[in-house]
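Q: fold the following, please.
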Amino acid sequence: MCDMNQDFVLVHPTDRRLISRGIDCILSQAERHYRVASAELAERRRAFDEYCLVHALDTSRQVLALQDQRIIGASLWVPTPGRTALFYAPQTAPQDAITQDAQVQCIRQAASEAQAAGMALGQVILPPDAQATAALYRRADFSDLATLLYMRRNRPLFKPAFELLPEFQLETYSPDRREDFAQTIEASYYQTLDCPRLSGLRPMDDVIAGHQASAFDPSLWLLLKRNGQNVGVLLMSHRLETATLELVYLGLNVSCRRIGIGSQLMKLVLLTAMRVQAATITLAVDRANTPAVHLYRCLRFQQTAERMVLIHPL
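A: Numbers count the residues shown, from 1 in each chain. Take a look at the predicted model:
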């Protein structure tokens, strides 16, 4: 038990049954009786359990709001590399004031515990129709970061024409170049259109750790130099189990923007997909970054999903 309210009590579940009930609520909505049962929920639960198993996620970091032993609010936070905590809450927002307040208090308590555990940033990713749920996160001190477009395309059949001017060189990642990568990534945030509010929220060591959590392969991390000066990075990862090449991050300093370098580096991404025999290429981009979105669409990337992202600096 962690807090009391005249209408509900906040608790940390310790037994498996209550933890399981909490997960069911997070994947659906507050309990009407003791459990919300449906075929749709069963499928969501199966997929979520599989996801947790693959990524070794601890689902006990929950805060539940109980009213007469019925769960009326739930929040789960999960630590990820780079000291970022991912938050989960019921996908269907409550309608009445008491359950809304219970949900907000669960999120706030979970955020406080994530902060105490050393997390630097809280983040939640929601479908675009979850506006009511987003409003509860905003009440719990989260704020809007971006609307992300998830895009993908198949591996090209023919090699694209990739060419860099002689003044540009590419170097792969190595531990002794870690600082070069960190400084170049940080420089690429200046006047960026891609999630600009993230700039400065975490130390660069955390940023790099977060990027490296995505199937890190140093041969797929490239540092772009111009006449010996660091001017950009191209970070990719190859997931063998899904035959997918992911564009993790592409960043350029202001001197190299809008001169065709981004387009050439994206052609290198396509060439890399052919080289590693990845079946598909995926990426996520801030919808407000219209030059990047236009470039990806010109390269035949198609949107597959859209998500709202809210953050809470911890």
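
Q: now the residue most central in space within the chain, what's its secondary structure?
A: Taking Cα atoms, centre = their mean as the criterion, residue 125 is the residue nearest the geometric centre of the chain, at 6.9 Å. Under DSSP: H, G, I helix; E, B strand; the rest coil, the three-state class of residue 125 is strand.

Q: show me the contacts for the closest residue to it other than its chain neighbours.
A: The spatially closest residue to residue 125, leaving aside those adjacent along the chain, is residue 307, at 5.0 Å (Cβ to Cβ, 6 or more residues apart in numbering). The way it works is simple: take the backbone N, C-alpha and C, and place the C-beta from them, glycine included. In this structure, residue 307 makes contact with 125, 126, 127, 128, 147, 148, 150, judged by Cβ atoms under 8 Å, 6 or more residues apart in numbering.

Q: what does residue 55 give?
A: Residue 55 makes contact with no residue under the criterion Cβ under 8 Å, 6+ apart.

Q: buried ones in stretch 162-181?
A: Going by neighbour count (16 or more other Cβ atoms under 10 Å), the buried part of stretch 162-181 is 164, 168, 173, 177, 180, 181.

Q: from these, which land in helices?
A: Assigned to helices by DSSP state H, the following of those qualify: 180, 181.

Q: so residue 122 sits against residue 113, correct?
A: No: using Cβ atoms under 8 Å, residue 122 makes no contact with residue 113, being 10.6 Å away.

Q: quick one: which of these two has more around it?
A: Neighbour comparison, residue 122 and residue 113: the larger count goes to residue 122, with 24 against 17 (by other Cβ atoms under 10 Å).

Q: tell me the pLDDT of the more buried one.
A: Residue 122 carries a pLDDT value of 97.

Q: same check, this time on residue 3
A: At residue 3 the predicted local distance difference test score is 60.

Q: same question, the one 3 residues further on
A: For residue 6, the model assigns a pLDDT of 67.

Q: got it, and residue 32?
A: What the model reports for residue 32 is a pLDDT of 59.

Q: just for the stretch 151-300 of the chain, where's the confidence low?
A: Counting by pLDDT under 70, the stretch 151-300 of the chain contains no low-confidence segment.

Q: the strands in it, which residues?
A: Counting by DSSP state E, counting those that start in this stretch, the stretch 151-300 of the chain forms strands over residues 168-172, 221-226, 229-239, 244-252, 280-286, given from the N-terminal end onward.

Q: what about those, which gets the closest to residue 214?
A: Among these, strand 229-239 comes nearest to residue 214, with 4.5 Å by Cβ to Cβ.
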